[in-house]
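*Asks:* turn this into a structure:
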Amino acid sequence: MLIKVLLMAGIGVVALLFVRGHSTARHQAVRRVMVVAFAGLATASLLFPQTWQSAAELLGVGRGTDLLLYATILVVLGFMVTSYLRTRDLQRQVTVLSRRLALDEALAAQQQAALVAQQEAARAALEVAAPVTRVAQVPPTPVVVDEGPVFAALPAPRPGRWV
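*Replies:* This is a model prediction of the structure:
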């Protein structure tokens, strides 16, 4: 009967963690203490295996291995709840960060567009104030090479090519 009360209390604690679900410093400290306690119990179980049988008889469970199974089930449930809560908190953080990033990128794009529009307006104002005269491009005129003694060492230009 005592084991049923303890197991129901353990399940109630796990359910309370699930419903409450805040990842505060206190919650993390309790989780660390529980891990240390679990490690201590595991070490004691290896050194003194008859302790589980004595505790099982005290609590009204038939065998020590059954008591160990019940304790393991509670630990696994607690781990599942804390893992779920941690994942949920991480998903919320990712959502907040991605929204912030989207807003920042939209603001940067808007500022860039405003800057480009401002530069275009300034350029248009300059063209109105002092219109740019376009100089017609004149094709280059062919250069006639004197084939005197200075250019004798150079090969003669091929016909149809500019020199």
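*Asks:* now do the helices in the chain.
*Replies:* With helices called from DSSP state H, the chain shows them at 2-20, 25-47, 50-59, 64-129.
*Asks:* spit out the contact partners of the spatially most central residue of the chain.
*Replies:* Closest residue to the average C-alpha location of the chain: Val94 at 7.0 Å, with C-alpha atoms, centre = their mean. Contacts here follow C-beta atoms under 8 Å, 6 or more residues apart in numbering; on that basis Val94 touches nothing. (C-beta placed from N, C-alpha, C; glycine too.)
*Asks:* for stretch 54-67, what is the distance to the chain centroid?
*Replies:* A distance of 47 Å separates the C-alpha centroid of stretch 54-67 from that of its chain, computed with C-alpha atoms, centre = their mean, to the nearest Å.
*Asks:* same question, stretch 43-59
*Replies:* 45 Å.
*Asks:* what lies in contact with that stretch?
*Replies:* Leu2, Ile3, Leu6, Gly62, Arg63, Gly64, Thr65, Asp66, Leu67, Leu68.
*Asks:* can you get me a residue count around the fifth one?
*Replies:* Arg63 is flanked by 12 other residues according to other C-beta atoms under 10 Å.
*Asks:* do the same with the second one
*Replies:* The local packing count at Ile3 equals 17, with neighbours defined by other C-beta under 10 Å.
*Asks:* mind listing what it touches?
*Replies:* Leu59, Gly60, Val61, Leu67, Tyr70.
*Asks:* so can I have TSV of the helices of the chain showing distance to Pro140?
*Replies:* Formatted as TSV, the entries for these read as follows, by distance: least, C-beta to C-beta, whole Å:
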stretch	distance to Pro140
helix 2-20	85
helix 25-47	80
helix 50-59	102
helix 64-129	29
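*Asks:* turn the ones you listed into TSV, columns for distance to Gln137 and mean pLDDT.
*Replies:* Converted to TSV, the helices of the chain look like this (distance: least, C-beta to C-beta, whole Å; pLDDT from 0 to 100):
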stretch	distance to Gln137	mean pLDDT
helix 2-20	79	79
helix 25-47	75	82
helix 50-59	98	89
helix 64-129	20	90
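*Asks:* quick one on the thing from earlier: buried among the contacts of Ile3? Need that as a selection in ChimeraX.
*Replies:* Selecting only the buried members of those in ChimeraX, with burial defined as 16 or more other C-beta atoms under 10 Å, works like this:
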select :59,61,67,70
